[in-house]
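Asker: Next come a sequence and a model predicted from it.
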Amino acid sequence: MKILTIFMTFFITQAFGAELKIEPVYGVERTQKEFPKPARYKTETFAGIRALYGVPVFSFEVEVNQSISKEDFPEDDLEVTYNSQKALIGFRSYPIKSKVVGIYLRFGARGSQNKRDITEAGESRTETDPISFDPYAGTGLTLAAGKNFALNAGATLVYNKNADSSEQYDTRYTFSFTIKAGSK
């Protein structure tokens, strides 16, 4: 059965010209911080990796990233280290593509979990939020340098159902480069 699965995967990949692309990702995100009260928005950097599989017209994408930041609140004798982990699963399409430039659209769902290491008045504790799922959509630009390498810049909006109605979209700006493997 494994041999049949491997053969079918190879056949489908070759028949449709599917490619696997790996992209190390670096970016900034403006997102809501719930602790300490009152809630506020903060811009933080993140790093991760993204994989794309398919053809340029329609590809499956998976991205995982993490950001770690620290804030001090001396007036409250409080120190908080935030650890934010996110996974984005969705689709990407290149409606405009040439050998050098491409414009892509992306959409899907983001799962995120936030953890806080809190030191307050000399005592430490850890708080972990439940996993939250939110839809996302975005666009970006790709500049190709040959067949196997490209630079990418993108902007993505993520609907944040837990935020105030006037601030319900987290914004993500990413920079990455693509390394391609595949038949075409």
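Answerer: That came in fine, so what should we check first?
Asker: Can you name the residues bridging to residue 133?
Answerer: Note on residue 133: beta-bridge partners by DSSP bridges are residue 111.
Asker: OK, contacts around it?
Answerer: For residue 133, the contact set (Cβ atoms under 8 Å, 6 or more residues apart in numbering) comprises 109-111. Just so you know, the C-beta spots here come from the backbone N, C-alpha and C atoms, and that holds for glycine as well.
Asker: Using TSV, please lay out these together with distance to residue 156 and pLDDT.
Answerer: TSV is the format used below for the contacts of residue 133 (distance: Cβ to Cβ, whole Å; pLDDT from 0 to 100):
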residue	distance to residue 156	pLDDT
109	12	97
110	9	95
111	14	95
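Asker: Check these against residue 176 and report the nearest one.
Answerer: residue 110 (16.5 Å; Cβ to Cβ).
Asker: Dump the helix or strand hosting residue 119 to CSV, restricted to CA.
Answerer: According to DSSP states H and E, residue 119 maps onto strand 101-120. What follows is strand 101-120, C-alpha atoms only, in CSV (Å, rounded to 0.1, in the frame of the first residue of the first chain):
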residue,chain,number,x,y,z
VAL,A,101,7.5,39.5,-11.0
GLY,A,102,4.4,38.0,-9.5
ILE,A,103,1.5,39.3,-7.4
TYR,A,104,-0.1,36.8,-5.1
LEU,A,105,-3.2,36.5,-3.0
ARG,A,106,-3.5,34.4,0.1
PHE,A,107,-6.3,33.3,2.4
GLY,A,108,-6.9,30.8,5.2
ALA,A,109,-7.1,30.4,9.0
ARG,A,110,-4.7,31.3,11.7
GLY,A,111,-4.4,29.4,15.0
SER,A,112,-2.6,31.3,17.8
GLN,A,113,-1.7,30.6,21.3
ASN,A,114,-0.2,33.2,23.7
LYS,A,115,1.8,32.4,26.8
ARG,A,116,2.9,35.0,29.5
ASP,A,117,5.7,34.5,32.0
ILE,A,118,4.8,37.1,34.7
THR,A,119,6.9,38.2,37.6
GLU,A,120,5.0,40.4,39.9
